[in-house]
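[1] Generate coordinates for the sequence data below:
(chains A and B)
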Amino acid sequence: MAVCVYRTSRVLVQGITGKEGRYHAKACKEYGTKVVAGVTPGKGGQEVEGIPVFNTVEEAVRETHPNVSLIFVPPPFAADAILEAVGSGIKTVVCITEGIPIHDMVKVKSVIEKEGVTLVGPNCPGIISPGAAKIGIMPGHIFKRGSVGVMSRSGTLLYEVSDQITRAGLGQSTCLGIGGDPIVGTDYIYWLKLFEEDPETEAMMMIGEIGGNAEEKAAEFIKSGAITKPVFAFIAGRTAPPGRRMGHAGAIIMGKSGTAASKYQALREAGVHVIENPGVIGETIAQVLKEKRL
Amino acid sequence: MKLHEYQAKEVLSGYGIPVPEGRVTYFPDDAWMVAMELGLPVVLKAQVLTGGRGKAGGVKLARTPDEVKEVAKDLFGKKLVTKQTGPEGVIIRKLLVEKAADIGRELYFSITIDRTTSKPTVIASKRGGMSIEEVAEKYPEDIIKIPIDPVTGLLPYQIRRLKYDLELVDQEKEAAKVFNALYKVFVEKDCTLVELNPLVVTKSGHLLAVDAKMDVDDDSLFRRKEISKMRDLTESDPSELEAKIAGLNFVRLTGNIGCMVNGAGLAMTTMDVIKLAGGEPANFLDVGGAATPETIAKGFEIITRDPSVKAMFINIFGGIVRCDKVANGIIQALKKVEVNMPVVVRLTGNNKEEGMETLKKSGMRFYVAENLKEAAKMVSELSKETEADINKNKQQKKDKEEK
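    Numbers count the residues shown, from 1 in each chain, chains lettered A, B, ... in the order given. Predicted structure coming up:
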C-alpha cells in the first residue's frame, strides 16, 4: 500500500515554468505520477508538457482537484508558496527548495501544525512510492517496489541507500527526504508510525546525519515499544569536525550533542540495527531480513 | 554569518539597547586616543569571530595611559588561540575600546531558535558572565527557557516572569524595553542568535549590554543587505571563501584525498567511508543542488591545486545535479588545470551514461568504480601509493645529491 503518496495521488507543481520545475514535472509524469496542474503567477493559461498552468493555487485546486503540491519556487518566495498551498486546502506539500530563511520556516511550521498538513522537506528530494508515484527530483529507475520504508535527511544519500537496497534484491515501499534544514515539516517519528501501520512495509531504514537531536528522539520513541518492525539506521558525519557546518544548515556539531557517536548509542539502546559502514547498508538489511524470515 | 561584537552593538544600539560607550580601532595609537577621549579605565577587546576570547587573553582592562599603550601594543597583531580556533589561532586586527562598566550584577540573556520546538526561545539566567554551558552544568535550576509563539511575539506575561526570575523589579521599565527591543532585532535582522553575556545591572541600577553576540541566518542575507555588508572576510580560509562565492560548500580537512560529491549527506558519507577504508579525506565538498559546469570546474580547480591532495574521488549520484553536468564541468576545468594524481570516478543515477561518455572522451585518465565501498578502497590505496612514490622519489633525489 505504501505511505503518504499513492497511484491515486493528484499532483500540483508550484513553480512549474522554471527550469527545474519544468524538467521534473515532466520526469514525474513520465514515471506515471498524475500531474494534474501547475502554478506560476502570471503564466496562467499556458501549458507545460501538456499540463495546464494556473495563476493561483486556489484556481488550480478548483479546476483540477490536486491533493499533493510539489514546490520548486525560489527561496525568497517558497514559504509563501507553501502557505498558499495550505491556504487552498492541500494537506500534503512536498517542498524541494533549498535555502529558505529560517524565520520564514518558523512561521510555516506554526501554521502547518495548526492545520494538520504534512510537509515533506524543505531542502529535500521529495517522496516516492516505487511503481506508484514519484513526487520529487529523485532518479526513478534506482527504486523498486518492495518492503523497506526509507527516510533520510539527505537527498543523495537517500539515493545511495535505496540503490543499495534495490541491488541487494529487496525494494522499497516508500522513500522520502525529511529535509536538510534545521526546521523541517516532519520528523522520523511521523514516518516510523506510518510505516509501522503500513502492511506492505516489513522494515524501516533511517538515514540520519550529525546535528540536532531528531535521531535521538526517534530512538526514544522506538524504545517506548511503539515500533515492532525492524528498524535499521546509518548516521552520516562521524568524521566531521565539530563547529563546522557540513553543507546542510542542520548538520553541525555543537558541544557534545548531535555527534554521530551519541546518535548511534541512542539508537543501539533502542534495539535499532545500526550500520556504521555506508558501503554495506543494502547487504546488511537483506541478510538480517533473510535470517528473520527463516 | 557571525557579526563582530562592535557590529552587533551598533545594531543593538540602533534599537535603543544600552551599550557601553566605545569605538573600534585598527592601530595602537588610535586605541590610545579613543581611550583618552572616553576616559579611564577602559576595556580593550579583541574583535575576532570566535568564542572563548576572554579566557584566551583577548580582553583586557587598562587603568592608566601607559597601560592602554602597553595592552594595545601587545594585542594588535597577536595570534589568539581559543578552544574554538584550533592551534592555528586567529590574528587580532581590530580592538574595541570601551569605557569600563561599573558592574553591579551580571545576567545572561539570549534569543535563539530551538530546533526541537521550531520556535524562537529566550534563554536567560541571573548567573551571567560565564558561558551558558557552564551554568547549565553547575546550576541547571537557574536557567529560564521561554518559547515564543511567532504569531504573538514576546508577550507581557513572559516579560513579567523574566523580571521576577532575573530580579529586575527595580529596573522593570528598562528591562521590558531591552527585552522587547532584542526580540525585535532577532526577528527584523533574521538572527539565529542574539546573546547578551553579560547583561549588566550597573551599580547605579541601570541595564547595560556589556558583551553582545549576533549570528544572522545566511539564507536571509538576500534581504539583509545592511548585514551582509558587514561581512569580515579577513578570517576566512581563502579556498573556502572562493568556493563560497562560487556557490559550493567546501570545508578544508587535514587528509590527502580530495573529494568532490553532490549532496551534503553523501559528501559526509564519502568522508566517513574513506576513513573506514584507511584513507584520509582532504576536504568536504558538496557541489550543491544548483551546480553548473562552471561551479564544478571551480571545485575541481580548488581541490587539485592543494599540494596535500594526492588522489581524488569524484562521487556523483545524479539527481537534480545530473551526471553529464558534472562531466562537462570537469572537462572545463581540465582546460585550466593539469591533473597529475590518480582520480577515481563513480557516477551513477540520472544521465550516468552521458557523463561517463564525456569523461572518456576528455583524455583524463581515471579509474572507474561501481559502488561506494569499492571506490573508497580504491582511492585510499591509490593515495597511499602516490604518497609513497613521492617520498621514494624525494629520497632518491636526496641520495643522488649526497653522492
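[2] CA only for contacts and neighbour counts going forward, please
    Fine.
[3] Quick check: residues of the stretch 301-403 of chain B near chain A?
    Within the stretch 301-403 of chain B, the positions near chain A by Cα under 8 Å from any Cα of the partner chain are B:317-320, B:349-350, B:371-373.
[4] So which of the residues you listed belong to helices?
    Among those, the members found in helices (DSSP state H) are B:372-373.
[5] where's the dip in pLDDT among the residues of the stretch 301-403 of chain B next to chain A?
    Taken together, these show their lowest pLDDT at B:Ile320, with 73.
[6] Am I right that that one is in contact with A:Gly126?
    No: counting by Cα atoms under 8 Å, B:Ile320 does not reach A:Gly126; the two are 11.2 Å apart.
[7] Highest neighbour count among the residues of the stretch 301-403 of chain B next to chain A?
    Most neighbours among these, by other Cα atoms under 10 Å in any protein chain shown: B:Phe317, with 27 neighbours.
[8] helices and strands around whichever strand or helix holds B:Thr295, which ones?
    In this structure, B:Thr295 sits in helix B:293-304 according to DSSP states H and E. If contacts are counted by 3 or more Cα pairs under 8 Å, 6 or more residues apart in numbering or on different chains; DSSP states H and E, helix B:293-304 sits against helix B:238-245, strand B:257-261, helix B:323-334.
[9] Touching the first one from outside, list them.
    Right, helix B:238-245. Contact with helix B:238-245 is made by B:233, B:249-252, B:298-299, B:302, as judged by Cα atoms under 8 Å, 6 or more residues apart in numbering or on different chains.
[10] Of those residues - the most surrounded one?
    Highest count within these by other Cα under 10 Å belongs to B:Gly299, 28 neighbours.
[11] returning to that earlier point: joint contacts of B:Ile320 and A:Gly126?
    With Cα under 8 Å, 6+ apart, B:Ile320 and A:Gly126 have common neighbours A:137-138.
[12] Quick one: low-confidence residue ranges for chain A.
    Judged by pLDDT under 70, chain A has its weakly predicted residues at A:249, A:254-256.
[13] Where does it get nearest to chain B, which residue?
    With Cα to the nearest Cα as the measure, A:Gly279 is the residue of chain A nearest to chain B, at 4.5 Å.
[14] Tell me which of the helices and strands packed on helix B:293-304 sits most buried.
    Comparing those by mean neighbour count (mean count of other Cα atoms under 10 Å in any protein chain shown), strand B:257-261 ranks first with a mean of 27.
[15] Mind checking the pLDDT average for it?
    pLDDT averaged over strand B:257-261 gives 95.
[16] elements contacting it?
    Partner elements for strand B:257-261 (3+ Cα pairs under 8 Å, 6+ apart): helix B:264-276, strand B:283-286, helix B:293-304, strand B:311-318, helix B:372-402.
[17] repeat that for 10 Å
    strand B:249-252, helix B:264-276, strand B:283-286, helix B:293-304, strand B:311-318, strand B:343-349, helix B:372-402 (3 or more Cα pairs under 10 Å, 6 or more residues apart in numbering or on different chains; DSSP states H and E).
[18] How about the contacts made by the spatially closest residue to B:Glu294 that is not a sequence neighbour?
    Nearest residue to B:Glu294, sequence neighbours excluded (Cα to Cα, 6 or more residues apart in numbering or on different chains): B:Gly329, at 5.8 Å. By Cα atoms under 10 Å, 6 or more residues apart in numbering or on different chains, B:Gly329 lies in contact with B:291-300, B:323.
[19] Looking at neighbours, which among those residues is most surrounded?
    Neighbour counts for the contacts of B:Gly329, by other Cα under 10 Å, peak at B:Ile296, which reaches 30 neighbours.
[20] got a pLDDT number for it?
    In this model, B:Ile296 is scored at 86, pLDDT.
[21] tell me the pLDDT at the closest residue to it other than its chain neighbours?
    Setting aside the residues directly before and after it, B:Ile296 is nearest to B:Gly329 in space (Cα to Cα, 6+ apart), at 5.0 Å. You'll see B:Gly329 listed with a pLDDT of 86.
[22] any idea how far B:Gly329 is from chain A?
    19 Å (Cα to the nearest Cα, to the nearest Å).
[23] ok, how many other residues are close to A:Ala233?
    A:Ala233: 24 surrounding residues under other Cα under 10 Å.
[24] Show me what the most centrally placed residue in chain A is bridged to.
    Central residue of chain A (Cα atoms, centre = their mean): A:Gly177, 2.4 Å from the mean position. Taking DSSP bridges as the rule, A:Gly177 bridges to A:Ser152.
[25] And the helices in the stretch 51-200 of chain A, which stretches?
    Using DSSP state H, counting those that start in this stretch, the helices found in the stretch 51-200 of chain A span residues A:57-64, A:75-87, A:102-115, A:155-167, A:188-197.
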